[in-house]
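Engineer: build the 3D model from these lines:
(chains A and B)
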Amino acid sequence: AQSVTQLDSHVSVSEGTPVLLRCNYSSSYSPSLFWYVQHPNKGLQLLLKYTSAATLVKGINGFEAEFKKSETSFHLTKPSAHMSDAAEYFCVVSDFGGFKTIFGAGTRLFVKA
Amino acid sequence: SQTIHQWPATLVQPVGSPLSLECTVEGTSNPNLYWYRQAAGRGLQLLFYSVGIGQISSEVPQNLSASRPQDRQFILSSKKLLLSDSGFYLCAWSSWTGMIAGELFFGEGSRLTVL
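Structural biologist: As a prediction, the model looks like this:
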């Protein structure tokens, strides 16, 4: 069985400071891992994905995530937060073939001016 | 290009009434199809997924059911709604890419309020 845990329900940062959203996963197989973002009253958008290629994955809007198998983690980072980054972020794990895709509970990111 | 349509966008139903939410995908064939529920302040809960016509896997035991009568059509139903069924329902699809999971593409969602 697979699962995903987002360690923080809320994260608050100041504009221009780094962002760290933490995610740990559990999977019986080599997983595919994703980060999605949901802005208020909008649908979900893919930020980045890891599918057993490079362990450091770069996504859109300056975000990146590093797959660490030994720590079963896939944390999302960004060097400098922007006001437009305020949204809810979901860490996602998918099994072999992508038949079963599980979302974390989400982390709401607040960005202060 | 591929598109996903989900309706109705908003629904207010009394307890005990039936439910039918419909989702269709255009521009692709044999997609993986999913129903998720997003309750207020919570993440997305996978309800059902389907890898082909008539093939439905249920993740959460409840009074909801899903059907896939056609390749690109996915229906979420209930015979008798409960208050706890209120939430935001999202349909999604992904491509079959062999060993690698593909990106999920989401519909705009259906907001269900059960009174």
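Engineer: spell out which parts of chain A neighbour chain B.
Structural biologist: Contacts of chain A with chain B, taken as Cβ under 8 Å from any Cβ of the partner chain, map to A:6, A:32, A:34, A:36, A:43-44, A:46, A:49, A:51-52, A:90, A:92, A:94-106. For every residue, glycine as well, the C-beta is placed using N, CA and C.
Engineer: could you pull out the strands in chain B for me?
Structural biologist: Secondary structure of chain B (DSSP state E): strands located at B:3-7, B:10-13, B:19-26, B:32-38, B:44-52, B:55-58, B:64-70, B:73-78, B:87-94, B:105-106, B:110-114.
Engineer: out of the ones you listed, deepest packed?
Structural biologist: strand B:32-38 (a mean of 24; mean count of other Cβ atoms under 10 Å in any protein chain shown).
Engineer: which residues are in contact with it?
Structural biologist: A:98-99, A:101, A:103, B:21, B:23, B:25, B:44-51, B:66, B:68, B:74, B:76, B:87-96, B:102, B:104, B:109 (Cβ atoms under 8 Å, 6 or more residues apart in numbering or on different chains).
Engineer: now swap in stretch A:37-44 and tell me
Structural biologist: Applying Cβ under 8 Å, 6+ apart, the set of residues contacting stretch A:37-44 from outside is A:36, A:45, A:47, A:87-90, A:106, B:90, B:104, B:106-109.
Engineer: return the set of buried residues in that stretch.
Structural biologist: Neighbour-count burial for stretch A:37-44, counted by 16 or more other Cβ atoms under 10 Å in any protein chain shown, picks out A:37, A:38, A:43, A:44.
Engineer: strands - which of those residues land there?
Structural biologist: A:37, A:38, A:44.
Engineer: most centrally placed residue in chain B?
Structural biologist: For chain B, residue B:35 is the residue whose C-alpha lies nearest the centre (Cα atoms, centre = their mean; 2.7 Å).
Engineer: gap between it and chain A?
Structural biologist: Computed as Cβ to the nearest Cβ, to the nearest Å, the residue B:35 to chain A distance reads 12 Å.
Engineer: per-residue pLDDT, that residue?
Structural biologist: The per-residue pLDDT reported for residue B:35 equals 94.
Engineer: list the beta-bridge partners for it.
Structural biologist: Beta-bridge pairing for residue B:35 (DSSP bridges): residue B:48, residue B:91.
Engineer: quick one: it from residue A:50, how far?
Structural biologist: Distance from residue B:35 to residue A:50, counting by Cβ to Cβ, to the nearest Å: 25 Å.
Engineer: go on, residue B:47?
Structural biologist: Applying Cβ to Cβ, the value for residue B:47 to residue A:50 is 25 Å.
Engineer: repeat that for residue B:58.
Structural biologist: Counting by Cβ to Cβ - residue B:58 and residue A:50 are separated by 28 Å.
Engineer: so how far is residue B:6 from the residue lying closest to residue A:7 once chain neighbours are set aside?
Structural biologist: Distances taken as Cβ to Cβ, 6 or more residues apart in numbering or on different chains put residue A:22 closest to residue A:7, at 4.1 Å, once the chain neighbours are dropped. Using Cβ to Cβ, we find residue A:22 at a distance of 31 Å from residue B:6.
Engineer: and if you look at residue A:65?
Structural biologist: From residue A:65 over to residue B:6 the distance is 29 Å, taken as Cβ to Cβ.
Engineer: which ones are touching residue B:58?
Structural biologist: Contact analysis of residue B:58 by Cβ under 8 Å, 6+ apart lists B:47, B:48, B:65, B:66.
Engineer: and stretch B:1-19, end to end?
Structural biologist: Terminal residues of stretch B:1-19 lie 30 Å apart, using Cα to Cα, to the nearest Å.
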